[in-house]
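Asker: have a look; sequence and predicted model below, questions after that.
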Amino acid sequence: MNIALAGNPNTGKTSLFNYLTNSYEYVGNWSGVTVEKKVGKLKGDLGLLVDLPGIYSLNPLSKDEGVATNYLLNEEISMILNIVDSSQLKRNLFLTLQLLEYGKPLLICLNMIDVAKSRGIEVDPTKLAQKLSCPVLPIIARTGKGCEEVIKELTKLKTDQAVDFRIDYGHLLEEAIERLINLLPDDLSLPRRWLAIQFFEGNQLVQETLTKHIDKEKLDSLYQELEEKIKTEVKSLPQYIHLRRSQWLDQVFQESVTQSKKPEKTLTDRIDQIVSHRLLGIPVFLLIMYLTFKLTFEWVGSPLSDLLGEWMEGPLTETVLLWLQAIGASTFIQDLITQGIIAGVGGVLVFVPQIFMLFLLISFIEDSGYMARVSVVMDRLMESVGLNGKAFIPMIIGFGCNVPGVMAARTIEQPKEHLLTIILNPLMSCSARLAAYALFVSVFFEENQAIIILSLYVLGIVLALILAKIFSSTILKHEKSVFVVELPPYRAPRLASLARHTWEKGKGFLRKAGTFIFAGSIIIWLLSYAGPSGFAVEMDESFLAMIGGVIAPLLIPLGFGTWQAGAALLTGFLAKEVVVSTMSIIYSVADEDALQTILPQFFTPLQAYSFMAFILLYIPCLATIAVIRKETASAKWTWFSVLYSMVVAYLISLIIYQGGKLLGF
Amino acid sequence: MSTYLLADLPAGQIGQIIDIKQMPSETYRRLLDLDILEGTVVKMIRKFPFGGPVSIEVNGQQIGIRRRDAEKIEVTSI
């Protein structure tokens, strides 16, 4: 049994999803569009719960919203779980009406009844259930209150029971609906009335589905005919339908909702007076980012990383070595495990504390409701480079990892802005690159770690803005743009959900360490261990040195024309953490000392900075390229994002190194 | 009763939408999704500088829209 979970954005859908499902969940692909959505196993073996993206209406404006409509059009659904925000009940119910018209059994979860109460809104669930002819359960998803009842109610719902829900849309529209229904073939499994209403609302996806059965010209003329007649009353058909629903809902509300006192100044208003201040907004945002970096690199993350690193280099390696000797492992195996795997995988795992700290802070910003403010505060700046404020959100998420960053761009309605946001996301310095910076700053810039790393993040952002301006005024020219953002009330994030979100983001990093980087480390170590003359060769005579040596000459003008740097960059294409793994392996073989003491022999601080900038920019990692390919559905733009980053990386590192030398660094 | 463009409504003041003029259909649709149309009561919260977006309050919900779009919305102060 498939149950779809639908609701407006920001209604607590994810919290409810987490309460209703066991931790098991998977990512699925569906027909129509290849976009993943979360699927979880419902508690009590009820079946699967499918988490659809937050939508205001089934009539989609963005790719993200299209996922939900496509799901209803193409997949088998047994029932729908609709979560609504009680404090914004009317607006939420517009979607509910569309879902009811779909005709599947529906259960409404009346969320945030506590917030509604604090605003003086009282909803009577029984009366509402009567009017909407479906069960209504009050819940507080944030705390899990009432979620048990949802499970109980779901078991009671009959899946085969067809729901007959209808609103009278007035004789003009009803007549047209009737005419359209009569044109549909008899064997169509989709709900007819719903299809017809959605079509007249201007739903593109429904229209595409209908053209499979009905002549497009016929459809167009039906639509235009009706719109002509209705234009005497209102502006457009969508508006007409909205008004009809609005009137219907007003009647429902008269009996089931009471609004007592008007709220005074809320906490949200007070917080906004500072963080969304018309002038202070941007400085406050920069301060928050600065604190994020301080916490990640100086106050919490790095000290923990150091402890972990010492433990791995010392006690762990020694214990493993003793153990290997005890079981009589050959020198080859001993070297492979200590110099290959522990150095390679361990070199990356050391950065787990910093990366989880960063993910925790990003989750906090997301969960608190500040993210939406950022998009408003930043909109003017973004608009001037041909993007919109919403593009800032994928950029911040990109700091964690570019893959979800690229996917988060889906919420941007305008196609060219969407594309631009995707192809610029790799310029956002992700946590994998962080591993490389963290290594270099701890060696070369010990006193100013946070500020040096912050400068690389800023470099990425500034380049993204400049390139956005260039691309949007040349190859991606566009005029109209949609920018309408909801600013939800602030909520204090709950510890449990913060932990869950941090874990969800961070586990990919650990998985990569266990698979990709593990395998990569072995291969890289083997390449460094073997050479044309046999095994256990001098590192400079190894295959790795030969491979790295091929591109090294190209890198000389940038300040790091060594085969070691070349090899690290080549392998770093798989995943940027591998740059660190490779260097750990290369340099740990050359000397027993820690990497920290060896690196200064190969890099000056200026060269190290140039190298870091190059790592930031030179190419999106393999996983990012794959997701760009998928989200843009264009090989051309995927290639473009790879090539422009190479060109930009080369230019920037050249400027940094040659400019730095001129300035005497 | 005087009419304003929403963009010109001073911060803190309340107005009722009487007309939404020609604007990109996507933006118009999104406003409709948020139940913003003729007859809706809006409160101006703040305007960001340099022609930046404006924050408005509608049915107890805060929404950010661009200045350009706010200039297409006509309101009467109440």
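Answerer: Looks like it came in fine. Numbering: from 1, shown residues only, chains lettered A, B, ... in the order given.
Asker: going forward, measure contacts between C-alpha atoms and count neighbours the same way
Answerer: Will do.
Asker: I'd like the average pLDDT over stretch A:503-515.
Answerer: Summarised as a single mean, pLDDT over stretch A:503-515 is 79.
Asker: how about stretch A:250-270?
Answerer: For stretch A:250-270, the mean per-residue pLDDT is 82.
Asker: and the end-to-end length of it?
Answerer: The first and last residues of stretch A:250-270 sit 31 Å apart, counting by Cα to Cα, to the nearest Å.
Asker: ok, it near chain B or not?
Answerer: No. Judged by Cα under 8 Å from any Cα of the partner chain, stretch A:250-270 stays clear of chain B, getting no closer than 8.9 Å.
Asker: so what touches that stretch?
Answerer: Here stretch A:250-270 makes contact (Cα atoms under 8 Å, 6 or more residues apart in numbering or on different chains) with A:118-125, A:127-128, A:131, A:489-490.
Asker: among the residues you listed, name the buried ones.
Answerer: The neighbour-count test (16 or more other Cα atoms under 10 Å in any protein chain shown) applied to the contacts of stretch A:250-270 identifies A:Arg119, A:Gly120, A:Ile121, A:Glu122, A:Val123, A:Pro125, A:Lys127, A:Leu128, A:Pro489, A:Tyr490 as buried.
Asker: helices - which of the contacts of stretch A:250-270 land there?
Answerer: Counted as lying in helices by DSSP state H, out of these, are A:Ser118, A:Pro125, A:Lys127, A:Leu128, A:Lys131.
Asker: quick check: the fourth one vs chain B, distance?
Answerer: Translated: A:Leu128. As for A:Leu128, its distance to chain B is 20 Å (criterion: Cα to the nearest Cα, to the nearest Å).
Asker: now do the same contact list for that residue.
Answerer: A:Leu128 touches A:Val136, A:Val252, A:Ser256, counting by Cα under 8 Å, 6+ apart.
Asker: highest neighbour count among these?
Answerer: Neighbour counts for the contacts of A:Leu128 peak at A:Val136, which has 23 neighbours (criterion: other Cα atoms under 10 Å in any protein chain shown).
Asker: show me the beta-bridge partners of A:Leu42.
Answerer: Going by DSSP bridges, A:Leu42 is paired in beta bridges with A:Thr21.
Asker: pLDDT at the most centrally placed residue in chain A, what is it?
Answerer: Nearest to the mean C-alpha position of chain A, by Cα atoms, centre = their mean, lies A:Pro404 at 3.3 Å. pLDDT, A:Pro404: 78.
Asker: would you quantify the distance from it to chain B?
Answerer: Applying Cα to the nearest Cα, the value for A:Pro404 to chain B is 24 Å.
Asker: over to A:Tyr223?
Answerer: Look at A:Tyr223 and chain B: by Cα to the nearest Cα, they are 17 Å apart.
Asker: now do the contacts for the nearest residue to A:Arg629 once chain neighbours are set aside.
Answerer: Once flanking residues are discounted, A:Arg629 sits nearest to A:Thr638: 5.4 Å by Cα to Cα, 6 or more residues apart in numbering or on different chains. Shown in contact with A:Thr638 (Cα under 8 Å, 6+ apart): A:Ile423, A:Ile625, A:Ile628, A:Arg629, A:Thr632.
Asker: listing request: residues of the chain with sub-threshold pLDDT.
Answerer: Just going to use chain A. Along chain A, segments meeting pLDDT under 70 span A:23-37, A:159-162, A:261-264, A:479, A:588-594.
Asker: the chain in question should be chain B.
Answerer: Residues of chain B that meet the criterion pLDDT under 70 lie in B:1.
Asker: and the longest helix for it?
Answerer: Per DSSP H, chain B has its longest helix at helix B:25-33.
Asker: pull that one out as PDB, backbone CA atoms only.
Answerer: This file holds the C-alpha atoms of helix B:25-33, laid out as PDB (Å, rounded to 0.1, in the frame of the first residue of the first chain):
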ATOM      1  CA  SER B  25       1.900  35.100 -15.000                       C
ATOM      2  CA  GLU B  26       4.100  32.900 -12.800                       C
ATOM      3  CA  THR B  27       4.300  35.600 -10.100                       C
ATOM      4  CA  TYR B  28       0.600  36.200 -10.300                       C
ATOM      5  CA  ARG B  29      -0.100  32.500  -9.900                       C
ATOM      6  CA  ARG B  30       2.200  32.300  -6.900                       C
ATOM      7  CA  LEU B  31       0.400  35.200  -5.300                       C
ATOM      8  CA  LEU B  32      -2.800  33.400  -5.900                       C
ATOM      9  CA  ASP B  33      -1.400  30.300  -4.200                       C
END
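Asker: hmm, back to that, between the ones in helices among the contacts of stretch A:250-270, which is closest to chain B?
Answerer: Proximity of the ones in helices among the contacts of stretch A:250-270 to chain B was ranked by Cα to the nearest Cα; the top entry is A:Ser118 with 12.0 Å.
Asker: what's the helix or strand containing B:Glu74 packed up against?
Answerer: Here B:Glu74 is covered by strand B:73-77, with elements defined by DSSP states H and E. On a contact count with 3 or more Cα pairs under 8 Å, 6 or more residues apart in numbering or on different chains; DSSP states H and E, strand B:73-77 meets strand B:3-5, strand B:14-20.
Asker: quick one: contacts of it?
Answerer: Contacts for strand B:73-77 (Cα under 8 Å, 6+ apart): B:1-7, B:9, B:13-21.
Asker: partner strands of that strand, parallel or antiparallel?
Answerer: Here, using DSSP bridges, strand B:73-77 pairs with strand B:3-5 (antiparallel), strand B:14-20 (antiparallel).
Asker: and those: which comes nearest A:Val484?
Answerer: Nearest to A:Val484 among these is strand B:14-20 (15.0 Å), distances taken as Cα to Cα.
Asker: quick one: secondary structure of the residue of the stretch 301-450 of chain A found nearest chain B?
Answerer: Nearest residue of the stretch 301-450 of chain A to chain B (Cα to the nearest Cα) works out as A:Arg380 at 4.7 Å. Of the three states, A:Arg380 takes helix under DSSP: H, G, I helix; E, B strand; the rest coil.
Asker: tell me if I'm right that it and B:Lys47 touch.
Answerer: No. Counting by Cα atoms under 8 Å, A:Arg380 does not reach B:Lys47; the two are 11.2 Å apart.
Asker: who in chain B is up against chain A?
Answerer: Within chain B, the positions lying close to chain A (Cα under 8 Å from any Cα) are B:24, B:26-27, B:30-35, B:46-53, B:59-66.
Asker: returning to what we had before: deepest-packed of the helices and strands packed on strand B:73-77, please.
Answerer: Stretch with highest mean neighbour count among those: strand B:14-20 (a mean of 20; mean count of other Cα atoms under 10 Å in any protein chain shown).
Asker: what lies in contact with that one?
Answerer: Strand B:14-20 is contacted from outside by B:6, B:9, B:37-44, B:72-78, using Cα under 8 Å, 6+ apart.
Asker: for stretch A:427-447, same thing?
Answerer: Contact with stretch A:427-447 is made by A:348, A:351, A:355, A:358, A:395-396, A:398-402, A:448-449, A:452-453, A:456-457, A:460-461, A:463-464, A:509, A:575-577, A:579-580, A:596-597, A:599-600, A:604-605, A:608, A:612, A:615-617, A:645, as judged by Cα under 8 Å, 6+ apart.
Asker: can you check stretch A:605-615 too?
Answerer: A:433, A:436-437, A:440, A:444-445, A:456, A:558-560, A:569, A:576, A:649-650, A:652-654, A:656-657, A:660, A:665.
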